[in-house]
Every structure is written in structure tokens, then in C-alpha cells.
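Student: Got a sequence here, can you build the structure:
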Amino acid sequence: MDIKHEVTRTESSLLASYPDYLDAQRLVDRMSDDGFPVESVRIIGDGVRTVEQVTGRMTRGRAAVTGAASGAWFGVFIGLLFGLFTAGQTWAWFVFISLVVGAFWGAVFGFVAHWTTRGRRDFASVMTLQARRYEVHVDKEQAARAAKYVL
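Tutor: As a prediction, the model looks like this:
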């Protein structure tokens, strides 16, 4: 069964505007729960900007620990792949040794990568996209029916 979702541009009406996404999501969820054809609804973020939340200070030690953690996960993945071609308890040793080697090299690369920045970026952060407001639009054909949800 081949299912295609086709996005087409149709004329729409502004149903409601909210300062945060969760309010817009709640409106659409209420509409969906009531059986409204939500395929005709769009949530549009207006005034999109990036927001960088600083999560802490980045030291060479923290960079090494973060690198070790990511290297360990990669090592476990490689160990599991090699473990597929072994019999008996050997696969557990492949996973363990790969975890240790991955953690070691991850720590080395994390430390060196941070050390090479020479203090230009001594903090860790997470970048997100946010909109100044979120508008809920509905196709013109459904606008009158949708109006009852914002009262």
C-alpha cells in the first residue's frame, strides 16, 4: 500500500495566535479529539530565531569525559557488529574490548579537540529554534467550522 502525503498551498484563515507552541498544539489536539479534519490545519511559527542555552563550563577534563562517553557508545556498536561473527562467549569480550578502546580514543579526541580551541569556546550549549508566536491556520473551507474551537 503506497500512501502519499501531498502538501499543497491553499488559502487559509488565521484561527488563533499563541505565544508558545504548546498552546497551539493543545488547540489542534482538541480539534483532532473532536473529529475535526486536522489535515486542513497548520501551525506556523512566526519570527523564528535561534536560542543557545549554555549548559555549563567546558574544561579539558569535561571534554575528555564527553568524548569518552561518545567513544564508548561507538565502541559498543562496533563490538556488537564484530560479535555477530563470533560464537559462544567471545562476543561479550568483543563488546567489552571495543567499549574500552572506544572510550579511550573518544577521550583522547575530545581532549585534543578542546585543547586546540585555546579557550575560544569554554562552554557547552544546546541550540534550538524558537518562534516569537505560533499561528494556527485552517483552510478557508473549514474556517467557519473551526471557529468554535477558539471561543
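Student: so where does the most centrally placed residue in the chain fall, helix or strand?
Tutor: Centroid check for the chain by Cα atoms, centre = their mean gives residue 128 as the closest residue, at 8.8 Å. Assigned by DSSP states H and E, residue 128 belongs to strand 123-130.
Student: So what are the sheet partners of that strand and their directions?
Tutor: Using DSSP bridges, strand 123-130 pairs in its sheet with strand 49-57 (antiparallel).
Student: Now the strand it pairs with: average pLDDT?
Tutor: Strand 49-57 shows a mean pLDDT of 91.
Student: Please apply the same query to stretch 121-141.
Tutor: In this model, stretch 121-141 has a mean pLDDT of 91.
Student: For the remainder of this discussion, apply numbering that starts at 46.
Tutor: Sure thing, new numbering starts at 46, so read that last one as stretch 166-186.
Student: how about that stretch: buried residues?
Tutor: By 16 or more other Cβ atoms under 10 Å, the buried positions in stretch 166-186 come out as 176, 179, 180, 181, 182, 183, 184. (Glycine included, C-beta is placed from N, CA and C.)
Student: wait, which of these is closest to residue 79?
Tutor: Residue 79 has its nearest neighbour among these in residue 183, at 13.5 Å by Cβ to Cβ.
Student: Report the beta-bridge partners for that closest one.
Tutor: With DSSP bridges as the rule, residue 183 is bridged to residue 58, residue 86.
Student: Distance check, it against residue 132.
Tutor: 61 Å (Cβ to Cβ, to the nearest Å).
Student: hmm, who's touching the strand holding residue 173?
Tutor: Outside strand 168-175, the residues that touch it by Cβ atoms under 8 Å, 6 or more residues apart in numbering are 90, 93-103, 107, 111.
Student: again with stretch 147-161
Tutor: Residues contacting stretch 147-161 (Cβ under 8 Å, 6+ apart): 103-105, 108-121, 123.
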